[in-house]
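# For reference, the sequence and a predicted model appear below.
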Amino acid sequence: MSGISLLDGEYHCLWKQLCHYIVDTRLRSDSMSEHTTLRMEGIRKEFPGVVANDHVDLSVQRGEIHGLLGENGAGKSTLMKILYGLYSQDDGDIYLDGERLDLGSPQDAIDAGIGMVHQHFMLIPRLTVAENVVLGEREPATAFRSDAEDSWLPAAVRNNSLVQSLAGQFSLGLDVPEQRIQDLADQYGFDIDVSAKIWELDVGQQQRVEILKALYRDVDLLILDEPTAVLTPTEAERLFESLERLTDEGLSIIFITHKLTEVDAIVDRVTVLREGQNVGTAEVSSVSRADLAEMMVGREVLFEIDREAVDLGDPVLRARGVEADDDRGIEALSGVDLTVRQGEIVGIAGVSGNGQKELAEVIAGIRDVTAGELVVNGEDITGAKPKTFVDSGVSFVPEDRLQYGCAEDLSVMHNATMKDFRNDRFGDRPFLDYGELQSYAETLVEEFDVRGVSDVTETEAGDLSGGNLQKLILAREIYRDPDLLIANQPTRGVDVGAIEFIRETLLEQRKAGTGIILLSEDLDEIFDLSDRILVAYEGEFVYETTPAEADRERIGLEMTGGGDGEDETVVSPPQSGVTQGSES
Amino acid sequence: MVSFIAGLLDATVQAATVLLLAGMGELISERAGVLNLGVEGMMLVGALGGFITTVVTGSHWLGFGVGILLGMVLALVHAFLCITLKSNQVISGVMLTLLGAGLTTFFGSGWVEESIDGFPQMTLPLVGQYLVDIPVIGEAFFRSTATDYLALGLLVVVWYFLHHSNLGLEMIAVGEDPEMADTMGVSVFRLRYLAVLIGGGFAGAAGAHLSLAFSQLWVPGMTAGRGWIAVALVIFAQWRPRRMLLGAYLFGLLDALRIRSQSISLTVGPDTPLAGVINPVVEFLMTPQIMGTYPYLATIIVLAYAVIRTKSDQLAVPSALLQSYSRETD
Amino acid sequence: MNVAVNVDAREDIPVWLAYGTPVFTVLAALAVSAVALVVLDVNPVAAYATMFVDTLFTEFGLTETLTKAVPLILTGLAVYLPLKAGLFNIGAEGQLVAGALAGTWIGLNVSLPGLALVPLMFVAAAVAGGIWAGIPAYLRARWDVNEIITSLLLTFVALEIQSYLLRGPMQGGTGNFPQSERFSEAATIPELFGGVHAGLLVAVCMVVVTYVLMTRTRLGFEITFVGSNDAAAQQAGMSKFYVYLLVFVVGGAFAAMGGISEIAGAQGRYRAGFEPGYGFTAIPIALLGRNSAIKVMLAGLFFAVLFVGGSSMEVAFGVPAALVEIIQALVILFLITAEFFKSYRVGIDVKRGPTETPARPQRGDD
């Protein structure tokens, strides 16, 4: 997030101190505890342009479920990847049971007893559970096992290292491992058939296999990265039960999440990260959800952005009852209603993974709906091809720039004109005036301050920095004077200067009468820019408000599922003709 | 009639061996994620190399060994280009076939006149003499060259290796999800290199079998597209060793039938209804060249059917086929 | 002592590397092939002299080169166009044959004056080639069935059909050989100049058409974009389906025209094996000329020189013309090796002393 005004900086400093004070009084002193199993001290990790972990301390006690809470970009993933050996820290140390660890690779981590269950499963669908679990362990045929009791091979032969090596490579004995895996599964209440193929299992079971992979290798510390992101509530329940049993047996667990409901349900102590820093650690039983939300999401910041009053026009978008699935076929949108008017910015707040990506894609026309309708400028274009959406005046700034937003091997000129090259201004059909394309691209680059472009026909899109590429994409989408603009995380991964520019551009476009849907994880951004705010959670809108009336903590709560169960259906927007007030 | 069938089976078995050897190698390579379109070229160098060695040394086993080695040399180039340099597997393979064809035509034209004592037909030790007497199939299946038997034996070894050994499991993993395998401590590079070299060795063996056992001579271009059929065979068999056996015999049978098709007449009597339509059609379908298209058409149909009908995560195709792998740390 | 090979991604490509690569690879290929010549006791310098000098500086050599260039350029385009869209047309050989057969059939069975007959033959060829290419294209565009395998296999099907027709329904002449009847005067492509038939005109025209298509039309823009990132292209409203079909069908038509022009222009009758695998040679040609139809034409001309030179070398030195195939294959193998060095800088460090700890991984944040 950008900290622009000095006022903000001071507040941050004070607030952090306050937070720490509140939390420290509830903290149990842990550095002296003999129950501490993991200690990460002063971890620092920097990537070009961003400090992902800024002197982070973390300590986990044996047998506890320790939550790691924070928004995307807070640094939780990085911290855990360091712990798991995928990254190396720039500074700081890791101690496991008092012993200093040097983790150069995932194998080192496994050897040290640290296991990780990734959010995106690393499983091979074609192989069985047992095969996935034992991969890499080189379990030899049963007769060759060193622990085989009634093998026909004498122990001396079996234990010979050459024999072990050859047997490990050229044979595969699944009987003993399968039994062991089955025992582990039963022990922790996993309902799994070890000889089933992975593709036959449902998502919850697949996740259990991921856990088994770690358990099979005798880990003492298990890291779970947002495990419930792929689970239904019932499956999540069962996972929690399993986790309890694991800790009963002495396993320690780090549970990464951004959902407060989960913190309540399963976590013993929680550490909150924000902007790469450890904001505090607390016993879950002694903090409220509100406190946690505040720590996660930060203090309300007063920006000096001038948002003028704008007359709202007719609706440019009417979406009713929209349902859609994600790439895996799981339902991501479960009945969304959304109306956007000319000159209105609707901000959709929420942590990534609650259906925002799918919503953006559905409205942009690149994802099919499974139910519901989409009406743009009065025309029902549900189920139409992307071209229809483009021609209807819909512009899209996608979340993943490189996947949908541009062709990185092509020039700036190509990318600047990818949506409009069919326009009459570029020559008579079927020809294309590349000279015109070039000057159009140059205009965009000039007006939108896209830097790093020596020659629009030579510089490739992939060579631009994140911020400049985003400006280029935004330029392209806005310059065509769209009726509806969807901007999904428009300032993510963008440098501070570009962020300001992008935000102001959005406001200008709002003045010009475009209806804008802004999806962002950055609450400051939502507050500064939106006329209305909707909170997305698990595929629906759960709360609606305006910046004037908004209660930041309440929004934080809703974003993390901590709402008090009130079913807030989307309130219909004010009648046209009523203006939005300005913010001071 | 009986002798016709016996002769047909004999030819089938002989044709199948070449396909089986080349196909097995390609199967392993592809399951590890590397497509090898250079099979035809590797077969050719194996054929020529084996032939020359046998002419010079008089030993067909030595020739066979050299053939395997030469196939592996060409495969090493392919492996280096595709795995280390992460080049495009299609281009590398096709160019190696071109290279192999060019090299063998270039160097081999002087050896066309030579003759050798190739692998003799033999029966299996001990039981062979009895098995040969089995009517109809006896001669076909149980009097063959050593390399024919070897091919069948190797099929069992390959099947076992792939599905019942850790190296085989790791190879499959590497061809499905190299990143996952890497995280589990499996060496993607090493296994892919191994797979490609094995593939080249088998292709070389197939070629050597061709020049030393099947035809016992050398002619430029003698593989006559069998390498491509082997590639098709792997797809037809949906990457399963046991189905490959079936497929090799099926394709081999088609090949044998094709050669003999002129001497069969499957026409119906002129009084049968629609005889005027059926007979020409059947005759057309039985012409040798048309029959030559069947393996290719069958493969296209099987491939298309498999891709269209199967859910994407259950496709038989190794998921990481054609994808180069590098840890982002490189 | 510890030797470490460091591979770092390059930021940009040095100019000398970018432009010099085709030249270097050709030189390298020639140098390595020289070894093969030496093995057969032939002086490589003399052999290459015959190959290049004789070809380029005699009238016969030049006309032969230009004649051979026609099918090479056309099949080169047939692979080039789909490549721009990100697809591999390995089946150009089959499309060439399909076109040659269709064109020949028209030429032998339809009575029209030459002015009408020859264009009709070309059209028939183009349609046949387009259909032959359309099958793998449709399977890919609609169901994502790999076009490499399907187009390749259809090539062999086409070759078998060719064999059937030439020994059966289309057999002509004395009836003993797999060849067709001689073409009539009307069915023969007229001479353009000095022994080179008008097929060259067709080839050059198609080069121009392709060049204009790719550099000056909306369709060309779309093809380029789909070839670079089809997800972004579809988001922008472009049609991957349409583009895929188009490039393959047009490519197939090109290859087909290459086929019929060789038969009706250079050979006068359809003989089995009338061409030494131009459809496969097209792959190196398209790769060399990867960036522009003009370059494809130049690559086609170069390969024509190789073919013609190879034949005269064979005559002069008794060395099999297959050397040409070796050279062609090496050119591309060196080319793809060079691709790697264009993108990465490789350095070798030799350190004395204990092994250093491995460099820390530097991955960007997700």
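Nice, thanks for sending it over.
# Get me the contact residues on chain B for chain A.
Counting by Cβ under 8 Å from any Cβ of the partner chain, the residues of chain B close to chain A are B:161, B:164-170, B:172-173, B:176-177, B:179-181, B:183-186, B:313-314, B:319. Every C-beta, even on glycine, is put in place using the N, C-alpha and C of the backbone.
# shouldn't C:Leu87 be in contact with C:Leu246?
No - the criterion here is Cβ atoms under 8 Å, and C:Leu87 misses it with C:Leu246 at 10.8 Å.
# Those two - which one has more neighbours?
Between C:Leu87 and C:Leu246, counted using other Cβ atoms under 10 Å in any protein chain shown, C:Leu87 has the larger neighbour count: 24 against 21.
# residues contacting that one?
C:Ala137, C:Arg140, C:Glu147, C:Tyr244, C:Val247, C:Phe248 (Cβ atoms under 8 Å, 6 or more residues apart in numbering or on different chains).
# Do any residues in stretch A:442-459 lie close to chain C?
No - using Cβ under 8 Å from any Cβ, stretch A:442-459 never reaches chain C; the gap is at least 10.5 Å.
# returning to what we had before: mind checking which of the residues of chain B next to chain A land in helices?
B:161, B:164, B:166-170, B:172-173, B:176, B:179-181, B:183 (DSSP state H).
# just to revisit the earlier point, identify, from the contacts of C:Leu87, the entry nearest to A:Ala185.
Nearest to A:Ala185 among the contacts of C:Leu87, counting by Cβ to Cβ, is C:Arg140 at 42.7 Å.
# tell me which element the closest one is part of?
Per DSSP states H and E, C:Arg140 falls inside helix C:114-143.
# continuing past that helix, what's the next helix or strand?
Sequence-wise, the next helix or strand downstream of helix C:114-143 (DSSP H and E) is helix C:147-167.
# Tell me the secondary structure at residue 238.
Since you didn't name a chain, this refers to chain A. Secondary structure assignment for A:Arg238 (DSSP: H, G, I helix; E, B strand; the rest coil): helix.
# My question was about chain C, not that one.
Under three-state DSSP, C:Met238 comes out as coil.
# in chain C, which spans are helices?
Assigned helices in chain C, in chain order: C:15-39, C:44-48, C:55-57, C:59-84, C:92-109, C:114-143, C:147-167, C:199-216, C:218-228, C:230-235, C:240-261, C:278-288, C:293-317, C:323-343 (criterion: DSSP H).
# what's the neighbour count on C:Val305?
There are 21 residues near C:Val305, going by other Cβ under 10 Å.
# ditto for the one 3 residues further on
Other residues within reach of C:Val308 by the criterion other Cβ under 10 Å amount to 27.
# try C:Ala141
Neighbourhood size, C:Ala141 [other Cβ under 10 Å]: 21.
# Neighbours of the closest residue to it other than its chain neighbours, how many?
Counting by Cβ to Cβ, 6 or more residues apart in numbering or on different chains, C:Tyr244 is the residue found nearest to C:Ala141 once chain neighbours are left out, at 3.9 Å. The local packing of C:Tyr244 (other Cβ under 10 Å) involves 24 other residues.
# residues touching C:Tyr244, list them.
C:Ala85, C:Leu87, C:Ala137, C:Arg140, C:Ala141, C:Val226.
# does the fourth one really touch C:Ile148, like I thought?
The reference is to C:Arg140. No - checked against Cβ under 8 Å, the pair C:Arg140 and C:Ile148 is beyond contact range at 9.3 Å.
# out of these two, which sits in the more crowded spot?
Shown here are C:Arg140 and C:Ile148; by other Cβ under 10 Å, C:Arg140 has more neighbours (24 against 21).
# Of all the helices of chain C, which one is nearest A:Glu283?
Of the helices of chain C, nearest to A:Glu283 by Cβ to Cβ is helix C:230-235, at 46.5 Å.
# Show me which of the ones in helices among the residues of chain B next to chain A are buried.
Taking 16 or more other Cβ atoms under 10 Å in any protein chain shown as the criterion, what is buried in those is B:Phe161, B:Asn166, B:Leu167, B:Gly168, B:Leu169, B:Glu170, B:Ile172, B:Ala173, B:Glu176, B:Met180, B:Ala181, B:Thr183.
# any idea how far B:Leu169 is from the first one?
Read that as B:Phe161. Counting by Cβ to Cβ, to the nearest Å, the gap from B:Phe161 to B:Leu169 is 10 Å.
# Please identify the helix or strand for the closest residue to A:Val412 other than its chain neighbours.
Distance criterion Cβ to Cβ, 6+ apart; nearest residue to A:Val412, sequence neighbours excluded, is A:Val456 at 4.5 Å. Using DSSP H and E, A:Val456 sits within no helix or strand.
# Who are the contact partners of A:Val456?
Residues in contact with A:Val456, defined by Cβ under 8 Å, 6+ apart, are A:Ser411, A:Val412, A:Met413, A:Ala416, A:Gln438, A:Ala441, A:Glu442, A:Val445.
# got it, and A:Gly393?
A:Gly393 sits in contact with A:Val316, A:Val376, A:Asn377, A:Pro482, A:Asp483, A:Leu484, where contact means Cβ under 8 Å, 6+ apart.
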